[in-house]
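Colleague: Using only what follows, build the 3D model:
(4 chains)
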There are 4 protein chains.
Amino acid sequence: MKRKIRMGMIGGGKDAFIGAVHRIAANMDGLVELCCGAFSVDPEIGLESGRSLFLSDDRIYGNYNELFDKESKMPADKRIDFVTIVTPNFAHFEPAMLALDHGFNVVIEKPMTITLDEAKQLHKKVEETGLTLCLTHTYSGYPMVKQAKQMVKAGELGEIRKVIVEYPQGWLSSLSEREGNAQAAWRTDPSKSGKSGSMGDIGTHAAHLAEYITGLEITKICADLNIVVPGRAIDDDGNVLLKFDNGSNGVLIASQIAAGEENALKIKVYGEKGGLEWHQMEPNTLIVKWTDQPAQIYRAGNNYLGSFAKHNARTPGGHPEGYLEAFANIYRNFAQTLDAKLNGEQPTAEMLDFPTSKDGVRGMAFIENVVNSSNSDKKWSDNKL
Amino acid sequence: MKRKIRMGMIGGGKDAFIGAVHRIAANMDGLVELCCGAFSVDPEIGLESGRSLFLSDDRIYGNYNELFDKESKMPADKRIDFVTIVTPNFAHFEPAMLALDHGFNVVIEKPMTITLDEAKQLHKKVEETGLTLCLTHTYSGYPMVKQAKQMVKAGELGEIRKVIVEYPQGWLSSLSEREGNAQAAWRTDPSKSGKSGSMGDIGTHAAHLAEYITGLEITKICADLNIVVPGRAIDDDGNVLLKFDNGSNGVLIASQIAAGEENALKIKVYGEKGGLEWHQMEPNTLIVKWTDQPAQIYRAGNNYLGSFAKHNARTPGGHPEGYLEAFANIYRNFAQTLDAKLNGEQPTAEMLDFPTSKDGVRGMAFIENVVNSSNSDKKWSDNKL
Amino acid sequence: MKRKIRMGMIGGGKDAFIGAVHRIAANMDGLVELCCGAFSVDPEIGLESGRSLFLSDDRIYGNYNELFDKESKMPADKRIDFVTIVTPNFAHFEPAMLALDHGFNVVIEKPMTITLDEAKQLHKKVEETGLTLCLTHTYSGYPMVKQAKQMVKAGELGEIRKVIVEYPQGWLSSLSEREGNAQAAWRTDPSKSGKSGSMGDIGTHAAHLAEYITGLEITKICADLNIVVPGRAIDDDGNVLLKFDNGSNGVLIASQIAAGEENALKIKVYGEKGGLEWHQMEPNTLIVKWTDQPAQIYRAGNNYLGSFAKHNARTPGGHPEGYLEAFANIYRNFAQTLDAKLNGEQPTAEMLDFPTSKDGVRGMAFIENVVNSSNSDKKWSDNKL
Amino acid sequence: MKRKIRMGMIGGGKDAFIGAVHRIAANMDGLVELCCGAFSVDPEIGLESGRSLFLSDDRIYGNYNELFDKESKMPADKRIDFVTIVTPNFAHFEPAMLALDHGFNVVIEKPMTITLDEAKQLHKKVEETGLTLCLTHTYSGYPMVKQAKQMVKAGELGEIRKVIVEYPQGWLSSLSEREGNAQAAWRTDPSKSGKSGSMGDIGTHAAHLAEYITGLEITKICADLNIVVPGRAIDDDGNVLLKFDNGSNGVLIASQIAAGEENALKIKVYGEKGGLEWHQMEPNTLIVKWTDQPAQIYRAGNNYLGSFAKHNARTPGGHPEGYLEAFANIYRNFAQTLDAKLNGEQPTAEMLDFPTSKDGVRGMAFIENVVNSSNSDKKWSDNKL
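Modeller: Sure, this is the predicted structure:
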């Protein structure tokens, strides 16, 4: 790369959780430079946030309209290359569309939008503009997840037969949204978060992970969404039976009332010849199990790994990388892809390996389908786009 | 106890798996003495089996009719107190009924019978005779499972909200029943095993464990049973959504095609205040998780445990007990209960803590209900007796 | 086997820890029958103990002299084959010598005696009589320890370079010997336990395990023994640097003041090509590490294991066996060896795989050498017999 | 902070391992800006390295003399605040002294110098200049290490009695220094690395960690250093018995020939009331063990942690942070300390919590003392400065 890729940010003012994570991810490898932002609907907070990030006042904008307007008029060697959208779900679509209209590439938090219809429009716009949209399904950024995908793709497990993915968290075990927890407040408010709580916030990660690793698509679902904590408006818990397009079956569990759990995403995939198991909370280990041989412990940072795992690591084995590095992998791959495009080169398969608007459409469809299935007396529903 | 409790065995000839396990469990604590048996339908194998167990030829019987006939005529100080039935499922009911008719107590492998109707008849017979029937749901014999139950009952987790129980095995990943595996052969043959394969063999263990620990009953189910390996006649895999009688939800997964898994029964239970997690393959550890404090590692053999965990252990912390000791706990509790009854004493709650014909009826109902649910287009079915 | 092997017991009255463990181990496989005992120096306790084990009064002896006298006069088809000695260390030598003099084989707790000199005499007596003495270094009875030994012997790790064995316990963190803990009382009393506390009680297990797995002998030591809890007469903690006879080095740590530890014996062995790691508290797993391939998880009960691991297991993979089964393996191998000898057959290598008086001499030498080394200003001392 | 802290780098050209790690650590939180560097003794590689980091050519220097000369003449608002020295050990001292002479603060890799004498001179210079020197003992940057230290300091474990710290790696199991591994080449060359290999490279980390967590000082040592792989000039393996200034004992093991190990630093600390255990490869977990209660699993990112653990984390529980974040914590604390000093403020205790030249002197003394002890026939040597 000849220069750093230039980034603007929408949302992510001080006290926001995920905005700070995006900035760390963008900073980590020194390939991306934060140049401007519209950090808050409150202009004072926005200004204060931008200054704390050492931005000059003229690139701290009051809102995203102003950002797009002014940045698009900047000279080419100052203008941002992309904008990261880290607002609550309901405020994803409009700035993303505007960004693309103004010629900016986009990084956007999941779920991509607040409705499936928005997601489809956004995906169409991406295709029309030829710009790049990256959806931050963080967990697909881990090197051992990529190793799993590469091994499945190479047929090492044989045909896939079963997938169990569970994502238990405990942070919504009480009505924390009424006790001043800002994160909890918007995520449990359907007007800001969407039709589903647990499935929108974490179930989509689990579904994406299952499809990402196996290369299969979920075609049928049977969902049971629950409001466990009384007084809540949308599901804080849910279980879904799955069928995949090769006929295999699966289970997806997402819960935010699993008291005492932190962020315990786990996946198990079983094929004809063997199985694999990955836990997000010990992400540098991938257990690969065989029917007739001892199980193996694949570990990040080692020479025996495939090209995708290697491309997405920074340190040798035994120097644990974590959530922020997984996030940074998404940013690095996105930045390398933009750089290649800027230079008229073809990005490698490893660079292009980040979630896109296609995944965003699938995620929004999953949310809508799961909610509909849960409301239905019928066992199986199509997971249709 | 003034004397050893005397045992006969039906089934369990040489090469049988579970018969040998029952004998080890019965031997372990020196409270039970194997006195006779009808070990095989093949008289030669039966004789050879009995001799290898150091029985005299006059107490090695050709079949169970002969056993009941002759043993019931023995003098009181030689006659067996109970019979253990370890034949394949289809051959449980008849000898069990006969045993009770002849005044013998019974230990019986799960599932208790091959139909729900048989199970109900057998349960009725137990109640009528006042004799004791013990069903070997082994996993409820582990001390840390008992600790979990005692903690839930004491309300330490608050009201239970969610249960996830999974039981993956990989040993039926290929058609081993056609490759000379005798265990596989009868377990995948519905005429010997019953309506369900995976749910009958291991799903019932998982369902029992969930109900045992939580003290709740499964009231509604939504099942998806699968024949994954082509050519098999009954399910080798299945997933079930659950509702419990307090309104909480759950998931039960049982699979025998989870390639590379050994016998990986795991359960997670979540309440209002915390959760707990137990893995059968590391059975001396119970993880207890809290919403606002560090999780705790409860370990078998320690002073801080409750009365049930203590009653069911033989060694201090760090001296691992396992599957055979869990099995032996069931035998020991059963033997102590018989001894108390023989002496006109009331067994303690700890002694009486073994599965009975009531659990056997619930298990058979679960199998029938799950099979029916799987065949239905309706999402939810009652888990009715 | 044509009949059960007949056993007598010296020591192990009610409330004794290790006596009960020996009985469970002997019972488990139904190959050994407890026929008599001299369970306590207190005749009433002895009688009560024997009766609780369902022995007839005429085979409950007041002391071991009486036992040997009367048992040796029994008819051949009633007389015991061997005696198990589970008294405190100081009371091992005399009954063991007497047993051999009376023609009885011996199972004996470790450390074999209370002095090296006694150990040498006993070993000489064993050799002279041609009888069999089995020393219960329990941890060498685990199937995965045997697998480790077999893999090292086959050269799978290449030449061994380094061994780290640690054995931390926490049960002597306070002066529990003055608070009514009978186990603690004799084990911390040099007149009953010997010159060393921690090294005698658990350090010898660690040293045996290191030599057993590697097939190497410890030739030089540099010891630092400590009395950590004030008021104690002998070491409750110690660290030893090791040299082995092939030039490799090692570390042995044994502590009974490692607060919060249960019985956390662990060993790591490193060779030219790979390493292996085994934890007693998760004994069914053996981690095998390679320099250029993923580590492997060897698990007890699987087909891919060697003949020794298979011979010492009862259940398929995923049905955890533990400490009592490891103990029972020693008894089973000993019983099978006696049976072969009684029938004029050659026991297999797998049967003969239990510790003997040779290990007992090495253990007592280790204790004396370690105590002397700890008292010396010189760095290295020979670990001489 | 009003502005980013400005950094220069000495060493760390392309292909260097640790230089890249320092840059990621410095980048991560967006508080530090890399402004210049003298990256290589080879001017072409230096230039190429600087350009790949997006530096302008006028701040890519041919050597560190030029860097100090030119940077010290820069205007105050462009001049770097500190220099990071990531050259091999033999090339630490001179640039560090020069940096301080020119008024620049210093971040320096461990071991601080190549001799104890150099370390003392450097420490004296730091004290004379009043500038800040930060030594990157990375492992003390982990939040759960800080939690351990804070709990020990608060007396939660009672008086410390024993410390076991082990640091096994396997990467030098063969003579990789002769197979083109540049890292191996200089680290096994005493003229570049110093008197000790394994103890200098990783033993110093282990010793620092033990002293950091316990707040104790190692006062006596008994060392056994080994050259295990034939043909090597300095130790690739070693074991050290320890005594601490409160009379407690310990063991330190450092090996680079532990075949199959990655970077498996572990520490166990035992006090009167309990113990704690931390593994670098699963760094977000701290196990705290108690004599009479279940052990606890302290996890990074949770509310129940102390102020130091909280200050050194970026994400909530279950979002694993790793080695790079631990490294970044050192940089962030250092940067916050510099910022406070620049603004005439007193840094908080949490900011000041990074290793300094005092630790560097202790590390170099440890290396020299361990080498001397290993060469001595005497058991104990003083760990004197």
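
Colleague: Check which helices and strands the helix or strand bottoming out on mean pLDDT in chain A is in contact with.
Modeller: Taking mean pLDDT, DSSP states H and E as the measure, chain A has helix A:182-187 as its least confident helix or strand, at a mean of 86. Judged by 3 or more C-beta pairs under 8 Å, 6 or more residues apart in numbering or on different chains; DSSP states H and E, helix A:182-187 is in contact with helix A:190-193. From N, CA and C alone the C-beta is placed, and that goes for glycine too.

Colleague: residues making contact with the next helix or strand after the helix it packs on?
Modeller: Moving toward the C-terminus from helix A:190-193, the next helix or strand (DSSP states H and E) is helix A:198. Outside helix A:198, the residues within contact range by C-beta atoms under 8 Å, 6 or more residues apart in numbering or on different chains are A:172, A:225, A:235-238, A:254-256.

Colleague: near chain C, which residues of the stretch 251-385 of chain A?
Modeller: Taking C-beta under 8 Å from any C-beta of the partner chain as the contact definition, the stretch 251-385 of chain A meets chain C at A:287-288, A:292-299, A:302-304.

Colleague: Which pair of these spans the longest distance?
Modeller: Largest separation among these by C-beta to C-beta: A:Asp292 and A:Asn303, giving 25.6 Å.

Colleague: Just to confirm, what confidence does the model report for the most centrally placed residue in chain A?
Modeller: Of all residues in chain A, the one closest to the mean position by C-alpha atoms, centre = their mean is A:His137, 1.6 Å from it. What the model reports for A:His137 is a pLDDT of 98.

Colleague: thinking it is in contact with A:Lys110, fair?
Modeller: Yes - A:His137 lies in contact with A:Lys110 (C-beta atoms under 8 Å); the separation is 5.6 Å.

Colleague: can you give me the helices for the stretch 1-150 of chain A?
Modeller: Secondary structure of the stretch 1-150 of chain A (DSSP state H, counting those that start in this stretch): helices located at A:17-27, A:43-52, A:64-72, A:93-101, A:116-129, A:143-153.

Colleague: The first one vs chain D: in contact?
Modeller: Yes - Helix A:17-27 lies within reach of chain D by C-beta under 8 Å from any C-beta, at A:17, A:20-21, A:23-24, A:27.

Colleague: Show me which residues of the stretch 51-200 of chain A are close to chain B?
Modeller: With the criterion set to C-beta under 8 Å from any C-beta, the stretch 51-200 of chain A comes near chain B through A:157, A:161-162, A:164, A:166, A:168, A:170, A:173-174.

Colleague: Would you confirm that A:Pro111 contacts A:Ala365?
Modeller: No - in this structure A:Pro111 lies outside contact range of A:Ala365 using C-beta under 8 Å: 10.4 Å.

Colleague: how about the strands in chain A?
Modeller: Taking DSSP state E, the strands of chain A run over residues A:5-10, A:32-38, A:82-85, A:105-108, A:133-135, A:160-168, A:218-226, A:237-244, A:249-255, A:266-271, A:274-279, A:285-290, A:295-299, A:381-382.

Colleague: Just flag the most distant two among the contacts of helix A:198.
Modeller: Farthest apart among the contacts of helix A:198 by C-beta to C-beta are A:Leu172 and A:Leu225. That separation is 13.7 Å.

Colleague: Let me see the contact set for the residue lying farthest from the centre of chain A.
Modeller: Computed with C-alpha atoms, centre = their mean, the residue of chain A farthest from its C-alpha average is A:Asp292, at 36.0 Å. A:Asp292 makes contacts with C:303-304, as judged by C-beta under 8 Å, 6+ apart.

Colleague: mind checking the backbone torsions on it?
Modeller: For A:Asp292, the backbone dihedrals (degrees, to the nearest 10) come out as phi -140, psi 10.

Colleague: A:Lys195 too?
Modeller: Recorded main-chain torsions at A:Lys195 are phi -70, psi -20, according to degrees, to the nearest 10.

Colleague: hmm, back to that, gap between the residue farthest from the centre of chain A and C:His311?
Modeller: From A:Asp292 across to C:His311, the span is 20 Å (C-beta to C-beta, to the nearest Å).

Colleague: can you check A:Leu34 too?
Modeller: 65 Å.

Colleague: The two: which has the busier surroundings?
Modeller: Counted by other C-beta atoms under 10 Å in any protein chain shown, A:Leu34 and C:His311 do not tie: A:Leu34 has more neighbours, with 23 against 19.

Colleague: Can you tell me the closest non-neighbouring residue to A:Tyr304?
Modeller: C:Gln293 (5.9 Å; C-beta to C-beta, 6 or more residues apart in numbering or on different chains).

Colleague: before we move on, the earlier item: derive a ChimeraX selection command for the buried subset of the residues of the stretch 51-200 of chain A next to chain B.
Modeller: This is the ChimeraX syntax for the buried subset of those, where burial follows 16 or more other C-beta atoms under 10 Å in any protein chain shown:
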select /A:157,161,162,164,166,168,170,173,174
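
Colleague: Make JSON lines out of the residues of the stretch 51-200 of chain A next to chain B and add pLDDT and distance to C:Lys146.
Modeller: Putting these into JSON lines (pLDDT from 0 to 100; distance: C-beta to C-beta, whole Å) gives the following:
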{"residue": "A:Leu157", "pLDDT": "98", "distance to C:Lys146": "31"}
{"residue": "A:Arg161", "pLDDT": "98", "distance to C:Lys146": "35"}
{"residue": "A:Lys162", "pLDDT": "98", "distance to C:Lys146": "34"}
{"residue": "A:Ile164", "pLDDT": "98", "distance to C:Lys146": "34"}
{"residue": "A:Glu166", "pLDDT": "98", "distance to C:Lys146": "37"}
{"residue": "A:Pro168", "pLDDT": "98", "distance to C:Lys146": "39"}
{"residue": "A:Gly170", "pLDDT": "98", "distance to C:Lys146": "42"}
{"residue": "A:Ser173", "pLDDT": "97", "distance to C:Lys146": "46"}
{"residue": "A:Ser174", "pLDDT": "95", "distance to C:Lys146": "51"}
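
Colleague: Distance to A:Ser381 added to the residues of the stretch 51-200 of chain A next to chain B, as TSV?
Modeller: Rendered in TSV, the data for these read as follows (distance: C-beta to C-beta, whole Å):
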residue	distance to A:Ser381
A:Leu157	28
A:Arg161	22
A:Lys162	20
A:Ile164	20
A:Glu166	21
A:Pro168	24
A:Gly170	29
A:Ser173	29
A:Ser174	32
